[in-house]
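1. Next comes the sequence, and after it the predicted model I'd like to discuss.
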Amino acid sequence: ENLRALDLSECSRLSALPASIGSLRALASLQLIFCSSLTTLPRSIAELTSCEVECVGTVNLVEPPRAVAEEGIAAIARYFDERRV
């Protein structure tokens with residue numbers, strides 16, 4: 001519950017995050033840089049309202065987080081642009 005930062009960068013075998021990640025209410029930073037096997041993020045990630053998620057180089061992500069999708073097409077475009085290296 002009190003975890004403030006989680007860096008899973010370069011975890012090439014990471015294919016999914018647990019839905020319970022949304023219960024980490026204090027999480028302020030989630031690094032998923034170059035997680036090449038990660039394809040989606042759980043819906044519960046939208047519950048991390050004050051968390052900055054960085055997905056640069058995680059090129060296999062095919063679906064943006066729900067919170068980004070709800071912001072509209074411009075936010076979705078920025079989301080995918082920011083992941084490209």
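-> All right, it came through fine. Numbering: from 1, shown residues only.

2. Next, count neighbours for residue 49.
-> A count of nearby residues for residue 49, using other C-beta atoms under 10 Å, gives 7. In this view, the C-beta of every residue, glycine as well, is placed from N, C-alpha and C.

3. Quick check: which element contains it?
-> With elements taken from DSSP states H and E, nothing contains residue 49; it lies in neither a helix nor a strand.

4. give the contact list for it.
-> The neighbourhood of residue 49, defined by C-beta atoms under 8 Å, 6 or more residues apart in numbering, consists of residue 67.

5. Show the average pLDDT along the lengthiest helix in the chain.
-> Counting by DSSP state H, the longest helix found in the chain is helix 73-83. pLDDT averaged over helix 73-83 equals 70, rounded to a whole number.

6. Mind giving me the packing neighbours of that helix?
-> Using 3 or more C-beta pairs under 8 Å, 6 or more residues apart in numbering; DSSP states H and E, the elements in contact with helix 73-83 are helix 66-70.

7. mind listing the strands for this structure?
-> 5-7, 29-31, 52-54 (DSSP state E).

8. how about JSON lines for those, with distance to residue 63 and mean pLDDT added?
-> Below are those laid out as JSON lines (distance: least, C-beta to C-beta, whole Å; pLDDT from 0 to 100):
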{"stretch": "strand 5-7", "distance to residue 63": "20", "mean pLDDT": "96"}
{"stretch": "strand 29-31", "distance to residue 63": "16", "mean pLDDT": "90"}
{"stretch": "strand 52-54", "distance to residue 63": "13", "mean pLDDT": "83"}
